[in-house]
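Trainee: predicted coordinates and the sequence they were generated for:
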Amino acid sequence: MSAWFDRYARPRWEAAEPYWGIWCIPQSQLPVLPARASGSVAVELGCGSGYVSAWLARRGARPVGVDVSGRQLATARRLQDEFGLHFPLLQGDAERVPLAAGCADLVISEYGASVWCDPYRWIPQAARLLRPGGRLVFMAQSVLARLCMPANGPATSRLVRDLFGLHRVVRAGDSGNHYRLFTLPHGETIRLMASCGLVVDDLIEVQVPPGAANHDFPEFPDQWVRRWPAEEVWFAHRDPASSVRTARPTPGAVARPPG
Ligand SMILES: C[S@@+](CC[C@H](N)C(=O)[O-])C[C@H]1O[C@@H](n2cnc3c(N)ncnc32)[C@H](O)[C@@H]1O
């Protein structure tokens, strides 16, 4: 899918103001990046073409982009050269990040690990990377969107998937391929984070501003997003009192409520 995602790379690299998600909502309306990033070490998990890291670098942060795809990182390197803005890019799996524990002030993912990696693997990694008090921010499609989207075709006004057991979701791609995405119910995400020493600060269920256009994702009709959030942004921090954990929680062992 690297070639398909290329369309997002240069426009976002060259944007004066960061903007987010499918509807390109500006940072001023959807403040995903922290107000103060200067001097902070930021690890982007599933950085793709690296535009989020580029935005952070322009704000004075010291980003490190991690992505499993050599082709995506080649795009990121090409754009680094083009814009004269260089930061470390690391080829690696966000479920097993080759960086030291406690190295990051901020771990961030926009449709990277937050969508493509198993939360039971990548969220403990994010917690491990964060220093005490460090922040985790990630954006993904909403739980509600997943529940309303069948394996093929657009979001409907009916629930077509079960909330209980929601974890791995398969969707059909344009060319007959299938891909695998991850989503957990909100309560399970909160409990998973707590088990890794992360404290949830906020969850924004993104409301698309009037007039915002979606050119690339016909699975979200305008009438659907007028009523429901298609995207969500999580904000958490590592509890300063918690110790760094490296063990991987497993579904059921941590997150499910009694009974
Ligand atoms: C839709 S892109 C989003 C990233 C970035 N915001 C962008 O648009 O360029 C998803 C990225 O996640 C990466 N990815 C998927 N699985 C991964 C994994 N296990 N570890 C690290 N990166 C992964 C993909 O290679 C891809 O670059």
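Mentor: Yes, it's here. Numbering: from 1, shown residues only.

Trainee: got the residues of the chain near the ligand?
Mentor: For the chain, the contact set with the ligand under C-beta under 6 Å from any ligand atom comprises 5, 8, 46-49, 52, 66-69, 72, 93-95, 110-113, 116-117. No exception for glycine: its C-beta is placed from N, CA and C like everyone else's.

Trainee: and whichever residue of the stretch 101-250 of the chain sits closest to the ligand, backbone torsions?
Mentor: The ligand sits closest to Trp116 of the stretch 101-250 of the chain, with a gap of 3.6 Å, by C-beta to the nearest ligand atom. Dihedral angles of Trp116 (phi, psi; degrees, to the nearest 10) stand at phi -100, psi -10.

Trainee: identify the residue spatially nearest to it, adjacent ones excluded.
Mentor: Excluding the flanking residues, the one nearest Trp116 by C-beta to C-beta, 6 or more residues apart in numbering is Gly46, at 6.0 Å.

Trainee: tell me how far the residue of the stretch 101-250 of the chain closest to the ligand lies from Cys24.
Mentor: Shown here: Trp116 relative to Cys24, a distance of 21 Å by C-beta to C-beta, to the nearest Å.

Trainee: out of those two, which sits in the busier spot?
Mentor: Higher neighbour count among Trp116 and Cys24: Trp116, with 21 against 17, using other C-beta atoms under 10 Å.

Trainee: hang on, isn't that one packed against Leu181?
Mentor: Yes. Judged on C-beta atoms under 8 Å, Trp116 makes contact with Leu181 at a distance of 6.8 Å.

Trainee: was I right about the residue nearest to Trp116 contacting Ser114?
Mentor: Yes. Judged on C-beta under 8 Å, Gly46 makes contact with Ser114 at a distance of 7.2 Å.

Trainee: neighbour count: the two, which is higher?
Mentor: For Gly46 versus Ser114, neighbours defined as other C-beta under 10 Å are more numerous around Ser114 (28 against 25).

Trainee: can I take it that the more buried one is in a helix?
Mentor: Yes. Looking at Ser114 with DSSP: H, G, I helix; E, B strand; the rest coil, it is inside a helix.

Trainee: that one: what's it in contact with?
Mentor: Going by C-beta atoms under 8 Å, 6 or more residues apart in numbering, Ser114 touches Leu45, Gly46, Trp122, Phe138, Met139, Ala140.

Trainee: switch to 7 Å and redo it
Mentor: Ser114 makes contacts with Phe138, Met139, Ala140, as judged by C-beta atoms under 7 Å, 6 or more residues apart in numbering.

Trainee: ok, the last one to Val208 distance?
Mentor: Ala140 sits at a distance of 16 Å from Val208 (criterion: C-beta to C-beta).

Trainee: one more: the first one?
Mentor: Using C-beta to C-beta, one gets 19 Å for the distance from Phe138 to Val208.

Trainee: go on, the second one?
Mentor: Spatial separation of Met139 from Val208 under the definition C-beta to C-beta is 14 Å.

Trainee: give the buried residues for the longest helix along the chain.
Mentor: Using DSSP state H, we find that the single longest helix of the chain is helix 70-83. In terms of neighbour count (16 or more other C-beta atoms under 10 Å), helix 70-83 has its buried residues at Gln72, Leu73, Thr75, Ala76, Arg78, Leu79, Gln80.

Trainee: could I get those as CSV with distance to Asp216?
Mentor: Converted to CSV, the buried residues of helix 70-83 look like this (distance: C-beta to C-beta, whole Å):
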residue, distance to Asp216
Gln72, 17
Leu73, 22
Thr75, 17
Ala76, 20
Arg78, 21
Leu79, 19
Gln80, 24
